[in-house]
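With the input below, show me the fold.
(chains A, B, C and D)
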Number of protein chains: 2
Amino acid sequence: MKKEKVRERIIRVASDLFYKQGYNSTGINQIIAEADIAIGSLYNHFSSKNDLLQAYLIKEELEWFEGFENSTSKISDPKEKLLALIDYRKKLQKTSKFAGCHFIKIVSETGEGNPSVSGFAKLHKEKQKDLIKTLVTEYGAQGQPADTDLIAENIFLLIEGAVVTSTINKQNDSFDQVKKIVQGLLP
Amino acid sequence: MKKEKVRERIIRVASDLFYKQGYNSTGINQIIAEADIAIGSLYNHFSSKNDLLQAYLIKEELEWFEGFENSTSKISDPKEKLLALIDYRKKLQKTSKFAGCHFIKIVSETGEGNPSVSGFAKLHKEKQKDLIKTLVTEYGAQGQPADTDLIAENIFLLIEGAVVTSTINKQNDSFDQVKKIVQGLLP
DNA sequence: GTCTATACTAAGATAGAC
DNA sequence: GTCTATCTTAGTATAGAC
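Residues are numbered from 1 along each chain as shown, chains lettered A, B, ... in the order given. All right, here's what the predicted structure looks like:
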């Protein structure tokens, strides 16, 4: 494991703070303090706070799919993999103390104020939905055909609903109910 | 229609800004400028920005249920009322240009930083879920019994998922798919 | 109760020494 | 490439005149 570069440390520290306390509530001063660098160094690596935000988005996107891969690579059955996806989101919520989805959070915060953010989030969610759609299609190929797209959309929306609900309620029971419902959708 | 009091105007202006650009991105200076008052007047009515935030939450909670009542008071059939609830959320998204749910937004922004906010949001969402549960129970009383709670949770999560999805995608087609799915749940 | 003036802190960002 | 010092603007909030 090679030494963490300064640039990587900045991204890691900033990402943590953006996620935990929000982008707008996190100041440059706090980032450099926790990363233990001078402000000149930060601006040597990033041209602006918004530049850091882009790096944050890219990092979280990458880690989301890496984390999913790590959690489910051993599972090949599509239905089991879908249930494992739900468990993955549930686990993310627990380990983050119900801090919520990075992308829903940042869109809620920046909204129209930063179009590149919502564009990035849109692509991210599309990839998640495609993942679900692929698994549902695989599942459908095993048994009887069905309205694949609608089932995929159904599962996607249930998971998104469970994520925001568990964020607000600070408890994960919504995911268990989603698993029960999905079991019913894929008999 | 009686004249709008200063206090009410402050709340209205602040609420608009909090919703459209975010709480943390909205400064006191901007609020007093758009409300056309002096800063001394604002602090005569509200002890702090957080005090204004509480007024914002109460206002939006009230208006949400008032708006629902206005949109659906003529409908008595529970299934129709559930579908009208989906249309109501869809309409809110359209008229706000997909600004999202007030409560999901503010929780995303303040998170752990303001426990009274997440507590308020939790209660608000519980009321929404109770509304759905009541309607599903009414519906169940007409026909065959079913797992009422799970169906209510299912519908609730689908709607929450559709709201966040439509916020990110800036389009409302998720609601149409939710309606289709709910039609299937309530045959 | 509404105003102006001001205090104090922090924000994001830049310049220039080393 | 990392540092300190500094600029400018904006943040929330208070004091005190009218």
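
Could you look up the SS state of the residue of chain A found nearest DNA strand D?
In chain A, the residue that lies nearest DNA strand D is residue A:40 (1.6 Å; CB to the nearest atom of the strand). The C-beta positions use only the backbone N, C-alpha and C, and glycine is treated the same way. Using DSSP: H, G, I helix; E, B strand; the rest coil, the secondary structure recorded for residue A:40 is helix.

which residues does the residue nearest to residue A:157 when sequence neighbours are not counted contact?
Nearest residue to residue A:157, sequence neighbours excluded (CB to CB, 6 or more residues apart in numbering or on different chains): residue B:161, at 3.3 Å. When contacts are counted by CB atoms under 8 Å, 6 or more residues apart in numbering or on different chains, residue B:161 touches A:156, A:157, A:158, A:159, A:160, A:161, A:162, A:164, B:174, B:178.

redo that, cut-off 7 Å
Contacts for residue B:161 (CB atoms under 7 Å, 6 or more residues apart in numbering or on different chains) come out as A:157, A:158, A:160, A:161.

Could you identify the most distant pair in those?
Using CB to CB, those span at most 7.4 Å, a distance reached by A:158 and A:160.

Can you check which helix is longest in chain A?
helix A:115-142 (DSSP state H).

So it, near chain B or not?
Yes. Judged by CB under 7 Å from any CB of the partner chain, helix A:115-142 and chain B are in contact via A:118, A:121, A:122, A:125.

Return only those of those found close to DNA strand C.
Restricting those to those within reach of DNA strand C (CB under 7 Å from any atom of the strand) leaves nothing.

Just name the closest of the residues you listed to residue B:13, please.
So of these, ranked by how close each gets to residue B:13 (CB to CB), first place is residue A:118, at 24.9 Å.

If we ignore the residues flanking it in sequence, what's nearest that closest one?
If the residues on either side of it in the chain are set aside, residue A:118 comes closest to residue A:107, at 5.3 Å by CB to CB, 6+ apart.

Now do the host helix or strand of the one you found: everything it contacts.
Using DSSP states H and E, residue A:107 maps to helix A:102-110. Contacts with helix A:102-110, where a contact means CB under 7 Å, 6+ apart, come from A:19, A:22-24, A:60, A:117-118, A:121, A:124-125, A:164, B:22, B:100, B:104-105, B:108-109, B:164, B:167-168.

Repeat the analysis, applying 8 Å as the threshold.
A:18-19, A:22-24, A:53, A:56-57, A:60, A:64, A:99, A:117-118, A:120-121, A:124-125, A:160, A:163-164, B:22, B:24-25, B:100, B:104-105, B:108-109, B:164, B:167-168.

Show me where chain A dips below the pLDDT cut-off.
A:1-3, A:143-146 (pLDDT under 70).

Relative to DNA strand C, which residue of it is the closest?
residue A:27 (2.4 Å).

count of residues packed around that residue?
12 (other CB atoms under 10 Å in any protein chain shown).

Please report how far it lies from residue B:48.
Look at residue A:27 and residue B:48: by CB to CB, to the nearest Å, they are 20 Å apart.

do the same with residue A:114
For residue A:114, the distance to residue B:48 - CB to CB - is 27 Å.

who's more crowded, the two?
Just comparing residue A:114 and residue B:48: by other CB under 10 Å the higher neighbour count belongs to residue A:114, 17 against 10.

doesn't residue A:50 make contact with the more buried one?
Yes. Residue A:114 lies in contact with residue A:50 (CB atoms under 8 Å); the separation is 7.3 Å.

For residue A:34, give me its contacts.
A:13, A:17.

and chain A, which of its residues are near DNA strand C?
A:26, A:27, A:28, A:29, A:30, A:39, A:40, A:43, A:47, A:48, A:49, A:50.
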